[in-house]
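Engineer: Please work out how this folds:
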Amino acid sequence: MSFPGPTSPDGALAGPPQGLGPGEPTPGLSDTSPDEGLLEDLTVEDKAVEQLAEGLLSHYLPDLQRSKQALQELTQNQVVLLDTLEQEISKFKECHSMLDINALFTEAKHYHAKLVNIRKEMLMLHEKTSKLKKRALKLQQKRQKEELEREQQREKEFEREKQLTAKLAKRT
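Structural biologist: Below you'll find the predicted structure:
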């Protein structure tokens, strides 16, 4: 498209187009109707818009398609990374649970050792109490025997005193 004439620095027409004198009609401008050339201009403008759109698309579309493909690859890689990360997290959880299990086994060994020691102590205490019971029984039997011997000794002394006191009475 060409402009009808020279323009001033502010963009307004400075005068009649070159080659036209004053009073001659300006090409493209008519006195009849302002809408007459509009239909032609629209078809020209539509074609220009289509061509500009095609040019713009042909210029940017390959870059956009490469960007789209790169984004798809990144998305796929991200999905793979997320899956791998989930697997690693599950492995860490398993390791953590294994550590917990190992701690439980260590604790079980510790308590098992305590139980074994308690059992040994109980057996030792059982043996000591059995020995003490036997000794107490022997001491009790010894005391009973000593008391029985004392009782028998007293009875003998009492009999003897009785016999001695009775003999004294006969002499008188």
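Engineer: tell me the secondary structure for residue 113?
Structural biologist: Under the three-state scheme (DSSP: H, G, I helix; E, B strand; the rest coil), the conformation of residue 113 reads as helix.
Engineer: how much space between it and residue 126?
Structural biologist: 20 Å (Cβ to Cβ, to the nearest Å). For glycine as for every other residue, the C-beta is placed from the backbone atoms N, C-alpha and C.
Engineer: What of residue 138?
Structural biologist: Distance, residue 138 to residue 126, by Cβ to Cβ: 19 Å.
Engineer: now swap in residue 145 and tell me
Structural biologist: Counting by Cβ to Cβ, the gap from residue 145 to residue 126 is 28 Å.
Engineer: Kindly report the same for residue 94.
Structural biologist: 46 Å.
Engineer: same deal with residue 111?
Structural biologist: 22 Å.
Engineer: and what of residue 64?
Structural biologist: Counting by Cβ to Cβ - residue 64 and residue 126 are separated by 90 Å.
Engineer: Ok, residue 60 next?
Structural biologist: Distance from residue 60 to residue 126, by Cβ to Cβ: 95 Å.
Engineer: How about residue 51?
Structural biologist: In this view, residue 51 and residue 126 are 109 Å apart by Cβ to Cβ.
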